[in-house]
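In: fold the following for me, if possible:
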Amino acid sequence: MNPYKLIPLLGLTLISGYTSLAQESRSDRKKNKATEQNANPGTADTLLAPIPLNRQMFTDRVSSAIRGIDAKDGSVDGVVANPDPTKSKLLTQAFLVDALKLRNKIENANITHSQKIAYHNALFAKLNQFKSIANDNVDAVGYRQLMKNFEGLIMAEINGTTMDFVKANANLYTLDNIEVLNNNKEARAYVYKSVGLQYPEKMLMYLDKIASEPYTDEIIAAAAKSSPRSIMSYAAPNSKYGYIIRRNQDPAVKTIVNIIDKSPKTSFRVLQFMNQIKDGDMTIDQANQIVQNQDAYYKSLVKLKISGKAISEAEIDKELEVQSLVYVRKVNELHEASDAVRFKSVEGFDPQEYYFMLLGGETNEIYTSSYLGIFKRMMAKMGKESGYTLLETVRMSNFRTFIRMSAGYNTISEFLKTMTETQKTTLLRDFVAGLEKGSRSDLKDAVDVADGFGSLTDKELIVFLKNEVKDNYERVYKNKSKTLSKAEQEKGVIIYGLLASIFNSSADPDDLQDAVKEIPPINYLDIEALSNASGEVVAQAFFYGDKDGKDSYGFFLANFRGNKSWKIDENNPNWTTITSVGDKKVTYYANKPLTEPDDEKAQNKLYEYLDANEIRPAVVIHRGHSYHLEGSLKGLTPDVKIVMLGSCGGFHNLANVLDKAPDAHIISTKQIGTYMVNDPIIRNMNEYLLAGKRVDWLEMWQTLGKFFANKSVREKELFSDYIPPNKNLGAIFIKAYRKLELSGQS
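Out: Numbering: from 1, shown residues only. Here you go, the predicted structure:
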């Protein structure tokens, strides 16, 4: 029994705690609004007088734009449609309700005729921007905040408090609404400079507007530190704004320009050593020698990361990932060779270098056996050194991801045994702590914690992490030290509330469903949810033109050939259509794995056909290497209910799927997908579809478990790495978090 059903401290109470915080903030806003309107009747949101004829054309344009947004879904019904009802509510409020009220506030304001026209025009333009965005994939919270900011700017201008407003709201929303400040040079300059120094890489997109401003050089200097790669792109000799970069006298900017001029073919690699070159510790020629040797370059990157003197954490992490994959892929490719041959390319590295190899392979690439081989070498090189000491030497870089991977590959106990009890306790506490930090959409660490927990088998560790989640929930909910901002507190309450609910329910599928009842069922998918209006289930499979893709395509078709339940049509040069012949209509569309780049052209031709015939797949299957995954996911829509990644879920992949298909059930694996597992899953899923039955993940995985019990050790290992949707705690967490976050904004 789930103890949180009896003691609701960390179940519904967690969520109601967050809701009460959100309700309190909404109550405060209502009080503030009432006070504001009493003090200034011009802020009333209903018209106080008829609109003069000479301004009706402009207000009518605003009204027309509002109606246009309403009509985007094909119906003028006072609702901005979205598959997520909470998103629909937020968007309706922002664009159909608040926008009309703002039009009225502008009309009621004590300002000149020309000023009112200017504000109406600005509102019309802002509404038209949204009309071009698809409702399905929109960031509803972000757009609601953007429109609130837009209204705040206009009302501040009307009330003569513009500088107070921009100083209190020097953020990206104000930057996006900068057109409101077209006639206020002082406020516009403040926003450009203040936001530019906070987000200098974003400001580079505004170079044409600020080229002659005195603060531009300062912003470019800041961008050279936070996003030097962007500066390098803008400083290229053929760049339109290269002269703005090249006139800058900041040492970092000058170093970037010198690297471009002296090392044009390897400039982006040499760029990693910008600080050393700038400080005189290395010459451009020396750096160029290093980057042309793979091992020397990789080892130098690791040292750079550990030193804390990299050009930026984001830059060094990205490049380390790219270079780590060079080694991971070599080991993967030789998976059938002896260990002596297979791991020859990764012999002789230091523990820190092995650590970053493992992290680099985390992005869908590393095989279980590759991970275990590299982990074994890391542990051997550590000798008697504590794992905690290793993490300290790498500056705890992405340690949550490493812990999650260790749990997933069942090496966590071995790693923790190298530590003292104090070190172990400190590490695991840090693993769970501080998840409220970062932006509202920054969930990677929390997803690592959820996925890591889902892989644990050590009962002592499970109990410890449950208690830590409970303690952290109480910390953020009570905020006794007042060290958390309101946004951090609200985010923390949702995160730790959900983790507590999931952790205390994950062993029992029914309990887990109860814990995350904010989202649709996770244990099954009704056939009605997968069927279109005519009762057909449509699936789309993606294949690529490399050897792996061609082989996968052949294995995929073998699932249907010779089966009387299916008819295969291969006449189209770009795709194959597979159709059921029974009472329940199921259709697969699979692009042919034509030689690159024709494979992508084939996919596009299939997209065009599906769009022209208003065919919306409910099932999407990705068959190919991780670097092809973006191509398979780009066409996802909210109609998609099952996504078979065939490769590691990973936070970014899970988030990308759920951005476009919020209710998708995701099947993923900890390593690269294989036909030996993918095909049995597809065959089992087809049995449910052909029978017109709901797809039951619990039942399916039991059936598959019995099937693989009689297979080879290798096949059993591969199947054990696959994660069914009801066990994909990372995806479940993201879905539930987004629902709860939205409910707090509505």
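
In: please make it C-alpha for all contacts and neighbour counts, starting now.
Out: Fine.

In: and for the host helix or strand of Leu100, what's in contact with it?
Out: Assessed by DSSP states H and E, Leu100 sits inside helix 99-108. Under the criterion Cα atoms under 8 Å, 6 or more residues apart in numbering, residues 41-49, 51, 59, 62-63, 66, 116, 119-120, 123, 151 lie in contact with helix 99-108.

In: what's the angle between the helix or strand following it and helix 99-108?
Out: Elements were assigned by DSSP H and E; along the chain past helix 99-108, the next helix or strand is helix 113-131. Using axes from the mean of the first three to the mean of the last three Cα atoms, to 10 degrees, one finds that helix 113-131 and helix 99-108 are set 170 degrees apart in direction.

In: same for helix 113-131, what does it pack against?
Out: Helices and strands touching helix 113-131, by 3 or more Cα pairs under 8 Å, 6 or more residues apart in numbering; DSSP states H and E, are helix 53-70, helix 99-108.

In: repeat that with 6 Å
Out: Using 3 or more Cα pairs under 6 Å, 6 or more residues apart in numbering; DSSP states H and E as the contact test, no helix or strand touches helix 113-131.

In: now the following helix or strand past that helix: average pLDDT?
Out: The first helix or strand that comes after helix 113-131 along the chain, using DSSP H and E, is helix 140-159. For helix 140-159, mean pLDDT is 93.

In: so which bits of helix 140-159 are buried?
Out: By neighbour count on 16 or more other Cα atoms under 10 Å, the buried set for helix 140-159 is 140-141, 143-144, 146-158.

In: how far off centre is the next helix or strand after it?
Out: The first helix or strand that comes after helix 140-159 along the chain, using DSSP H and E, is helix 162-168. Remark: helix 162-168 is offset 32 Å from the chain centroid, using Cα atoms, centre = their mean, to the nearest Å.

In: what residues does helix 162-168 touch?
Out: Helix 162-168 has contacts (Cα atoms under 6 Å, 6 or more residues apart in numbering) with Ala156, Ala187.

In: tell me the mean pLDDT over that helix?
Out: Mean predicted confidence for helix 162-168 is 95.

In: use 138 as the first number from now on
Out: Understood, numbering begins at 138; the last thing we discussed is helix 299-305.

In: with just CA atoms, put that helix into CSV.
Out: C-alpha atoms of helix 299-305 as CSV (Å, rounded to 0.1, in the frame of the first residue of the first chain):
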residue,chain,number,x,y,z
THR,A,299,8.0,53.8,-18.2
MET,A,300,11.5,54.0,-16.6
ASP,A,301,10.2,52.5,-13.4
PHE,A,302,8.6,49.7,-15.4
VAL,A,303,11.6,48.8,-17.6
LYS,A,304,14.0,48.9,-14.6
ALA,A,305,11.7,46.5,-12.8
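
In: closest to the centroid, which residue in the protein?
Out: Residue closest to the average C-alpha location in the chain (Cα atoms, centre = their mean): Ala792, at 3.9 Å.

In: now do the SS call for it.
Out: With DSSP: H, G, I helix; E, B strand; the rest coil as the basis, Ala792 sits in helix.

In: how about the contacts made by it?
Out: Contacts of Ala792 by Cα under 6 Å, 6+ apart: none found.

In: again, only this time at 10 Å
Out: By Cα atoms under 10 Å, 6 or more residues apart in numbering, the contact list for Ala792 reads Ser578, Leu580, Lys581, Gly786, Ala798, Pro799, Gly867, Ala868, Ile871, Lys872.

In: nearest to Arg612, of these?
Out: If you rank these by distance to Arg612 using Cα to Cα, Leu580 comes first, at 18.7 Å.

In: what about the closest one, neighbour count?
Out: Residues lying near Leu580 (other Cα atoms under 10 Å) number 23.

In: doesn't Gly571 make contact with it?
Out: No: here Leu580 does not reach Gly571: they are 11.4 Å apart, not a contact under Cα atoms under 10 Å.

In: and the pLDDT for Asn272?
Out: On the pLDDT scale, Asn272 is placed at 60.

In: pretty sure Ser671 sits in a strand.
Out: No: secondary structure of Ser671 (three-state DSSP): coil, not part of a strand.

In: just the pLDDT for it.
Out: Listed pLDDT for Ser671 reads 93.

In: so who does it touch?
Out: Going by Cα under 10 Å, 6+ apart, Ser671 touches Lys722.

In: where's it relative to Lys481, distance?
Out: 57 Å (Cα to Cα, to the nearest Å).

In: which regions of the stretch 588-737 of the chain lie under the pLDDT threshold?
Out: Scanning the stretch 588-737 of the chain for pLDDT under 70 picks out the ranges 643-652.

In: and the chain, by the same measure?
Out: The chain contains residues with pLDDT under 70 at 138-180, 271-274, 499-502, 643-652, 762-764, 783-789, 807-809, 881-883.

In: and it, what are its domains?
Out: For the chain, automatic domain parsing gives the domain ranges 177-335, 661-882.

In: strands of this protein, residue ranges please.
Out: All strands of the chain, identified by DSSP state E, fall at 661-662, 674-679, 703-706, 712-717, 723-728, 756-759, 779-781, 802-806, 832-833, 859-860.

In: from the chain's centroid, how far away is the first one?
Out: Average the C-alpha atoms of strand 661-662, do the same for its chain, and the two points are 24 Å apart (Cα atoms, centre = their mean).

In: same deal with the last one?
Out: Relative to the centre of its chain, strand 859-860 is centred 20 Å away, using Cα atoms, centre = their mean.

In: again, but for stretch 431-442
Out: Its chain's C-alpha centre and that of stretch 431-442 lie 28 Å apart, by Cα atoms, centre = their mean.

In: pull out the buried positions in that stretch.
Out: In stretch 431-442, counting by 16+ other Cα under 10 Å, buried: Asp432, Tyr434, Tyr435, Lys436, Ser437, Leu438, Val439, Lys440, Leu441, Lys442.

In: do stretch 622-629 as well
Out: Judged by neighbour count (16+ other Cα under 10 Å), stretch 622-629 contains these buried residues: Glu625, Gln626, Glu627, Lys628, Gly629.

In: so who does the second one touch?
Out: This means Gln626. So Gln626 contacts 155, 158, 573-574, 610, 612-616, 619-620, 632 (Cα under 10 Å, 6+ apart).

In: swap in 6 Å and give it another go.
Out: So Gln626 contacts Val613 (Cα under 6 Å, 6+ apart).

In: and for the first one?
Out: By Cα under 6 Å, 6+ apart, Glu625 lies in contact with Glu573.

In: also the fourth one?
Out: Shown in contact with Lys628 (Cα under 6 Å, 6+ apart): Glu573.

In: same check on the last one?
Out: With contacts defined as Cα under 6 Å, 6+ apart, Gly629 is in contact with Glu573, Val613.

In: same thing with Ile414?
Out: For Ile414, the contact set (Cα under 6 Å, 6+ apart) comprises Thr420.

In: ok, it to Asn385 distance?
Out: Distance of Ile414 to Asn385, computed by Cα to Cα: 17 Å.

In: now swap in Tyr343 and tell me
Out: In this view, Tyr343 and Asn385 are 17 Å apart by Cα to Cα.

In: equivalent analysis for Asn847, please.
Out: Remark: distance between Asn847 and Asn385 (Cα to Cα) = 68 Å.

In: more crowded one of these two?
Out: Asn385 (17 against 10).

In: the more buried one and Asn395: what is the separation?
Out: Taken as Cα to Cα, the span from Asn385 to Asn395 is 12 Å.

In: now do Thr724
Out: As judged by Cα to Cα, Thr724 and Asn395 stand 58 Å apart.

In: comparing the two, which residue is more hemmed in?
Out: Legend: neighbour count by other Cα under 10 Å for Thr724 and Asn395, higher for Thr724 (20 against 16).
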